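>>> Return atomic coordinates for the entry below.
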Amino acid sequence: MVPVLVELGPIKLYTFGAMLALAFLGAGAVMEQGLERRGLDRSHVTPIVTWAAIGGILGSRILALLNDWQAFLSAPLDRLVTGAGFVWYGGLVGGFLAVTAYVLRSGLPWPLVVDAIAPGLALGQAIGRVGCQLSGDGDWGHESTLPWAMPYPNAIFGWPHPAGYRVHPAPVYESLLYSGIFLWLLSLSRREEDERIAPGTVLCWYLVLSGIARFLVEAVRIEPRLWLGITEAQWFGVASVVAGFAGMAWARRHRDRIAGLAMVLVCATALGSGCTSSPTAPDFVAQDLAGQAVRLSSQRGKVVFLNLWATWCPPCRSEMPAMAALAKQMGAQDFVVLAVSEDDSPEQVKRFVDEMKLDFPVLVDPTGEVGRRYGITGYPETFIIDRDGRQLARFIGPREWTDPAIVRDLKTLIDTGKWVRGPDGN
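Just a heads-up that it's a prediction; the model follows:
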């Protein structure tokens, strides 16, 4: 892994950023050729790429906020200005909408333009996933013993696993799949004189093939499972495949309307999936008191009791014995207590832990980034996260965690996956 490509004093060129820029350049070059092949002015490439980038960033950010709606409502300004939280298919929808606005305003034929864009979009994804692999941005897969499985010891977001632990290199899988999709779409684009290939068909094949690719790769990635044990991205992949095939059927009769239909289906499904489930708990990496990186998503499969606190906070100190008793009582089950201290001094936290004889995982986050991601308003705040990484409840203030009612409800969550309390813990 090479997270930082070049470092000159305080200036850093991150590998992912460099690959993202290369992805835009590559996609733009392919689009330029596609427009020329269809008799359209190549000068439209720059504004199309610009609008796609703007719409893509806005769309991915909006869908990330919808997926974490409770945290947004608790601290809207913080959630808007933070750089964390982007969702790829929100970016796809946002980019399509922005490009659509430009195409309509410019009087360009929409089906021909999107057919010119589709191969470049696949190429951009293939290059972008190389950036994910080189930077180690956390989208690797489950543990694996396959010959090509690998660790990510220099990952930019931290590698939470011990030496010898190897995982599926999911970004490599995606890059290979999207490279194949790019070659297929490029070949298809050059056969559009065939009367059987209606305008808009290249876009539809992109929707079908990229949906299948994402569905397959998600099977090895560590992501929350929703309805029928399928991840949110896999549901979007299903919708993308349906939209693509529906679009191709539609194109045979209505050649100039296909892209609009596909985009509406994708938009509706993507936005719907972002609003119907419990929000995914914001992921983070923090160090334990031994200096080892611990990633929240590495706890998938367990119910996580996440407590944000500080040593100078009297209510935090008062509830620690009850938390320790809860951790001991529930320790034999798929349950873990993570207490993230936002003190400035890790040494002070270590002294407190030693004095209290706490034996559950205590992490340190002197920057306060974890608290910002969760939109906390004070200390302590506690979050209940289920086995699939969904945030189910938020307790503001201290609690008597050995209360039999709380213990019973946590056991019910562990045994059945059902949280019988509300999102505020009551």
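>>> how close does Val220 sit to Pro162?
Distance from Val220 to Pro162, counting by CB to CB, to the nearest Å: 20 Å. Heads up, the C-betas are built off the backbone N, CA and C, glycines and all.
>>> Which one of those two is surrounded by more residues?
It is Val220, of Val220 and Pro162, that has more neighbours when counted by other CB atoms under 10 Å, with 17 against 8.
>>> Spatially nearest residue to that one, not counting backbone neighbours?
The shortest distance from Val220 to any non-neighbouring residue, by CB to CB, 6 or more residues apart in numbering, is to Gly141 (3.8 Å).
>>> residues touching that neighbour, list them.
Residues in contact with Gly141, defined by CB atoms under 8 Å, 6 or more residues apart in numbering, are 167-170, 173, 217, 220-222.
>>> could you redo the last one with a cut-off of 6 Å?
By CB atoms under 6 Å, 6 or more residues apart in numbering, Gly141 lies in contact with 167-168, 170, 220-221.
>>> what do you get for Val336?
Val336 touches 299, 302, 304, counting by CB under 6 Å, 6+ apart.
>>> Nearest residue to the first one in space, ignoring adjacent ones along the chain?
With CB to CB, 6+ apart as the measure, Val336 is the residue that lies nearest to Gln299, at 5.7 Å, once sequence neighbours are left out.
>>> Make sure that neighbour is indeed in a strand.
Yes - remark: Val336 belongs to a strand, assigned using DSSP: H, G, I helix; E, B strand; the rest coil.
>>> Distance check, it against Val113.
Distance, Val336 to Val113, by CB to CB: 50 Å.
>>> same question, Gln299
Noted for Gln299: a distance of 45 Å to Val113, by CB to CB.
>>> picking up where we left off before, next one: phi and psi at the residue nearest to Val220?
phi -110, psi -160 (degrees, to the nearest 10).
>>> For it, give the beta-bridge partners.
Taking DSSP bridges, one obtains Arg221 as the residues bridged to Gly141.
>>> any idea how far it lies from Leu228?
Going from Gly141 to Leu228 by CB to CB gives 20 Å.
>>> can you check Gly368 too?
38 Å.
>>> Which one's more surrounded, those two?
Remark: of Gly368 and Leu228, Gly368 carries more neighbours, 15 against 7, as counted by other CB under 10 Å.
>>> The more buried one contacts Glu342, correct?
Yes - under the criterion of CB atoms under 6 Å, Gly368 makes contact with Glu342 at 5.0 Å.
>>> And the helices in the stretch 201-350 of the chain?
Listed in chain order, the helices of the stretch 201-350 of the chain (DSSP state H, counting those that start in this stretch) span residues 201-218, 232-251, 258-275, 314-330, 346-356.
>>> which other residues reach the fourth one?
If you take CB under 6 Å, 6+ apart as the criterion, helix 314-330 is touched by 309-310, 337, 356, 358, 360, 379-380, 398, 400-402.
>>> circling back to that earlier point, higher neighbour count, Gln299 and Val113?
More neighbours surround Val113 than the other of Gln299 and Val113, with 26 against 21 (other CB under 10 Å).
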